[in-house]
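**Q** quick one: sequence plus predicted model below, questions after.
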Amino acid sequence: MSSTHSPTVRLRRLARELRRLRENSGLSPEAAAARLGWSRSKISRIETGRTRASSADVSDICDLYGVDSRARAGLIQLAKEGRQRGWWTAYADVFTGSYVGLEDEAAFIRQWEVQLVPGLLQTEDYARHVISAGRPGAPDPDDVHRRVRARMARRTLLSRPNAPELHAVLDEGVIRRPIGGPRVMRDQLDALLNSARRPNVTIRVLPYDVGAHAGLEGAFTILSFAEEADPDVAYVEGTAGDVYVESTEQVDRYRSAFARISDAALPAEESLKLILNTKDNLPHD
């Protein structure tokens, strides 16, 4: 699962660059579309990353905006890379948004969770119970199994050679909610303790006795990337749909909230002691 050419991130970068070039040229989206013989919506879809521009599209855009040969070659290469298939496309029925592609290229992941162990840290049994509980009616065992397989494939992100740093802060309720029963929770808490031994993983717990805090409005994730050309993305997952926050001002608010949540959380060593104590006090099946 190499992150060298994450198509999602490349597509996002290309979209930003094409919009910047149009704005620098002084053309409105409508004027650019008219000059190219395209619809206004095609320009919009390309500049927001909702449509993957072809190499021919990029070449036409470069002609219109007067882009030099070196920059043109770089943009066409981005377009080609943006059309590559990431490992997650094998699970296109499971991963329906762009989050996994962005996560795959992230260099630093900050995650605040209030209900569940983050997906990257879930055990197979824990994930199966979570996924089953989220399916309406009687869940299809084959569908649940496929979703669990997809989540386990995603989890390998943390163990690959170029793994990102993960700083996860969990509400105390996450480690105390008995999902799947004592055995499943015992194994899951053990897995958290083992994950925290990785040099790239930090796990902290926000205890109940903190009271009101900066994370009360819900869970969120902030993805940061190695290349400065790729700004941070904040991600909020919800029942009504996923939200991707990219404006500097809004992302700054999430960064500030995460910093305040972290300041209120137990230090890493004390957090792991609380997880171990919680595990040891679980009833035996």
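**A** Nice, I can see it.

**Q** only C-alpha atoms for contact and neighbour calcs from this point on.
**A** Fine.

**Q** I'd like the next helix or strand past the helix or strand hosting Lys80.
**A** According to DSSP states H and E, Lys80 maps onto helix 69-82. Downstream of helix 69-82, the next assigned helix or strand under DSSP H and E is helix 99-105.

**Q** could you give the mean pLDDT of the helix or strand that contains Arg19?
**A** Assigned by DSSP H and E, Arg19 belongs to helix 7-25. Helix 7-25 carries an average pLDDT of 82.

**Q** one more: stretch 159-171?
**A** The model assigns stretch 159-171 a mean pLDDT of 95.

**Q** which residues touch it?
**A** 1, 106-115, 117-118, 157-158, 200-208, 261-262, 265 (C-alpha atoms under 8 Å, 6 or more residues apart in numbering).

**Q** can you give me the strands in the stretch 51-200 of the chain?
**A** Taking DSSP state E, counting those that start in this stretch, the strands of the stretch 51-200 of the chain run over residues 108-113, 165-171.

**Q** elements contacting the helix holding Lys80?
**A** Where contact means 3 or more C-alpha pairs under 8 Å, 6 or more residues apart in numbering; DSSP states H and E, helix 69-82 is packed against helix 7-25, helix 55-65.

**Q** deepest in the core, which of those is it.
**A** Stretch with highest mean neighbour count among those: helix 7-25 (a mean of 20; mean count of other C-alpha atoms under 10 Å).

**Q** how many degrees apart are that one and helix 55-65 in direction?
**A** Angle of helix 7-25 versus helix 55-65, following axes from the mean of the first three to the mean of the last three C-alpha atoms, to 10 degrees, is 20 degrees.

**Q** what strand or helix carries the residue sitting furthest away from the middle of the chain?
**A** No residue in the chain sits farther from the centre than Arg35, which is 36.7 Å out by C-alpha atoms, centre = their mean. Assigned by DSSP H and E, Arg35 belongs to helix 29-36.

**Q** how about that helix: buried residues?
**A** For helix 29-36, burial by neighbour count (16 or more other C-alpha atoms under 10 Å) applies to 29, 32-33.

**Q** only alpha carbons, please: show that helix as PDB.
**A** Extracted in PDB, the C-alpha atoms of helix 29-36 (Å, rounded to 0.1, in the frame of the first residue of the first chain):
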ATOM      1  CA  PRO A  29     -15.400  29.900 -14.700                       C
ATOM      2  CA  GLU A  30     -18.000  30.800 -17.300                       C
ATOM      3  CA  ALA A  31     -15.500  32.500 -19.600                       C
ATOM      4  CA  ALA A  32     -13.000  29.600 -19.300                       C
ATOM      5  CA  ALA A  33     -15.700  27.100 -20.100                       C
ATOM      6  CA  ALA A  34     -16.800  29.100 -23.200                       C
ATOM      7  CA  ARG A  35     -13.300  29.300 -24.500                       C
ATOM      8  CA  LEU A  36     -12.800  25.600 -24.000                       C
END
